[in-house]
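Asks: For reference, the sequence and a predicted model appear below.
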Amino acid sequence: MHPAIQGLITIVIGVGGCAGYFYFSNMLLDKVLFPAKGPNAGRNIKRANMIRPWLFLFPALFVLGLYLTYPVIETLRLSLTDRVPGGGYTFVGLDNYAQMFGEPKFWEAMRNNMLWLVVVPAAATGFGLLAAQLTDRISWGNLAKSLIFMPMAISFVGAAVIWKLVYDARPIDQEQIGILNAVYLALGGAEPQQWLTIPFWNNFFLMAVLIWIQTGFAMVILSAALRGIPEETVEAAIVDGAGPFQIFFKIKVPQIMGTIVVVWTTITIIVLKIFDIVFAMTNGQWETQVLANYMYDKLFRANDWGVGSASAMVIMLLVTPILVWNVYNARKEMR
Amino acid sequence: MDNIAGKKSSLTWAVHISVALLVLLWLLPTIGLFVSSFRTADQISSTGWWKALFPTEQTLTLRTKTAEAQTQENGVYVIEGNIYEDDPAGEGKGEADITSWGISSRDVSAFAPGDTAELRGGGTLTLEASGAYRMESVEEFSGSRGQRVFVTAEVPPEFTLENYETVLLSGNATDSMAKAFFNTLTVTIPATIIPILIAAFAAYALAWMDFPGRALLIAFVVALLVVPLQLALIPLLKLHLGIGIGKGYLGVWLAHTGFGMPLAVYLLRNYMVGLPRDIIENARVDGATEFQIFVRIILPLSFPALASFAIFQFLWTWNDLLVAIVFLIDATGDTTVMTRQIVELLGTRGGNWEILATAAFVSIAVPLLVFFAMQKYLVRGLLAGSVK
């Protein structure tokens, strides 16, 4: 069967199935199980209303449980076991973790992830704030924002190709086609550089790609926050003789601190999971390994599910503080 | 802002210039790829794309007609023709006036147009700016190949759609994006539509129904928002293989539905909570069932939030690589998606920028269209979706 037809049928079955499920399960509840008439009408309505939320929630909870909760537990279990050739698992305790901690590649990935974690959220939030503030009051601000926001729609893989062209290097006797090398030579660089193969610094060239993508996101959110600042506070500052920089750093930034933190943590989570950019541009060579790509290597190239799962748990562990903080805030807000 | 205090800021110009620089910096990489996708392989490797918009000086190596074409005029042997037309390599360059030319690789610009050069094998060659040439010799021309001529000309900017033809229509298995394009579409559409419906019902329950454990469930959804999907790869692949779904579209649709669900529920709940309470209470009093309220009132009112999520999910599934390589693409590679195809091209055709750039641009074009057409909803969704 042609996949497109299969896709269409899936849409029909999926959408029809969902709609049918909700319709008929509600019908069943109201008409058959607990009809709102007869001697027990009041009790029946009450019972129906107790069950109904779970009818509405069931498909979503099922999917969430199966596709996100179960894997966390299963990955934890896998990280503590080894596959026995021929089928089955044996419990090996923390051996997988010990093996992983003994590998220099893992520590390289950890170091790089920490670098990413420090640089990317800071740079993207910083540029985003700068762009939001600068475009706020100019006539073509919306157009500028739109263009800075655009990379958001581009896939990590597409961005990898775009930036590989930027970083391209040709031998010195040929004309450069990578704009970075062309600029570098024009500014007096001695010879063209293979930017992605210079250990340590190449990490920053990879980070540039993600910063390029995420700045637009930061800008959009921060721009909305800046607009939400009460005018009076700014006016009062002007009357008191504050300069533009003072207004920005002493009046505006403190008022949107909450939003800045939200943007920062959101980008942090994206950074912790970063995979495609490294996979497509260097595949972890030249000391650019990161955790997610390390994990992919272990799972699908080395076929070592134990160590792969252990590294996935490390990513989970790094995300946990943000997870707890988010839940804490969400609950505080609901009260 | 400073106008309020009655003085025009001297910073205004600085602001305009810095914004222009910032925008330029953010646009340049994409423009580079875009321009490159319309250039031939030769153009890309000979000059940077930023020079593509201006005429460039190019030196071509062309050959005249072979000795077979010679005629005899008044006792001299003559070969006449146009250097651009006689050599396939000169095709399409005909409008460029020749600025200088030569017959030795050591001095490619030895002569001006109209000059006459002495050939090594005897005889002379005269070349005009238009490319017309005339070779004369008292002895018969010999040799199986034509005379080599180095031609330097100002070539006007030139763009081609050839790359798109290769990438979309050629049917060449390694370069072709056509199949991958449809595969991506096949993955994306169901993976966008199905989660919306499931999530909308759940979001309604979480927003407007009262039941024990509601707050806990919301916290649960917020927690799942940040769970890395990397954790799900092996357990779910095992599960899919175990229950017979295997690697394929069904698996990838289910996986995308699962991974998109927390954001969908969270976004939609946040929006639905803000709907006016009166409407819903009135409907309840009038005897509408919850199902009716949901379908007739909540769904239409929630359209902006539904659109926001749909865009997110569309962009995310269209641009995804990891979920596709784990759950969809099997050893045959029949179900490859565009992102995967591009990564393959990066490996096998790392130097062929014309193919790479075009392939990448084909995959980028659709999200960009969606982005510019529906930016309003995207921004709205972002503002609602970031955990406050």
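Replies: It's in. Residues are numbered from 1 along each chain as shown, chains lettered A, B, ... in the order given.
Asks: ranges for the strands of the stretch 101-250 of chain B?
Replies: Ranges of strands in the stretch 101-250 of chain B, per DSSP state E, counting those that start in this stretch, are B:116-118, B:124-127, B:132-137, B:148-155.
Asks: Export those strands to TSV and append columns for distance to A:Met150.
Replies: Glycine gets a C-beta too; all of them are placed from N, C-alpha and C. As requested, the strands of the stretch 101-250 of chain B are arranged in TSV below (distance: least, CB to CB, whole Å):
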stretch	distance to A:Met150
strand B:116-118	54
strand B:124-127	49
strand B:132-137	49
strand B:148-155	32
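Asks: And A:Val157, how far from A:Met281?
Replies: Computed with CB to CB, to the nearest Å, the distance linking A:Val157 and A:Met281 is 9 Å.
Asks: How about B:Ala305?
Replies: With the distance defined as CB to CB, B:Ala305 ends up 35 Å from A:Met281.
Asks: is it true that A:Met295 lies in a helix?
Replies: Yes - the assignment for A:Met295 is a helix, going by DSSP: H, G, I helix; E, B strand; the rest coil.
Asks: what about the residue nearest to it when sequence neighbours are not counted, neighbour count?
Replies: The shortest distance from A:Met295 to any non-neighbouring residue, by CB to CB, 6 or more residues apart in numbering or on different chains, is to A:Ser311 (4.3 Å). By the measure other CB atoms under 10 Å in any protein chain shown, the count of residues near A:Ser311 is 28.
Asks: Now do the same for the biggest helix by length in chain B: mean pLDDT, whole number.
Replies: As far as residue count goes, and with DSSP state H defining each element, the longest helix of chain B is helix B:178-208. Averaging pLDDT along helix B:178-208 gives 86.
Asks: cool, stretch A:134-154 as well?
Replies: Stretch A:134-154 shows an average pLDDT of 85 in the prediction.
Asks: related to what we said a few turns ago, between the strands of the stretch 101-250 of chain B, which gets nearest to chain A?
Replies: With CB to the nearest CB as the criterion, chain A lies closest to strand B:148-155 of the strands of the stretch 101-250 of chain B, at 14.3 Å.
Asks: Domain ranges for chain B, per the record?
Replies: Domain assignment for chain B, taken from automatic domain parsing, gives B:2-51, B:56-155, B:166-385.
Asks: So which elements touch the helix or strand hosting the residue nearest to A:Met295?
Replies: Counting by DSSP states H and E, the secondary-structure element that holds A:Ser311 is helix A:305-334. Under the contact definition 3 or more CB pairs under 8 Å, 6 or more residues apart in numbering or on different chains; DSSP states H and E, helix A:305-334 sits against helix A:70-79, strand A:81-83, helix A:95-101, helix A:104-135, helix A:257-272, helix A:291-296, helix B:214-224, helix B:233-242.
Asks: Which other helices and strands does the last one contact?
Replies: Judged by 3+ CB pairs under 8 Å, 6+ apart, the packing partners of helix B:233-242 are helix A:70-79, helix A:305-334, helix B:249-273, helix B:322-327.
Asks: Mind putting these into TSV with distance to B:Val78?
Replies: Shown next, in TSV, are the helices and strands packed on helix B:233-242 (distance: least, CB to CB, whole Å):
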stretch	distance to B:Val78
helix A:70-79	81
helix A:305-334	75
helix B:249-273	68
helix B:322-327	64
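Asks: For chain B, give the residue positioned nearest to chain A.
Replies: For chain B, the nearest residue to chain A under the criterion CB to the nearest CB is B:Gly258, separated by 2.5 Å.
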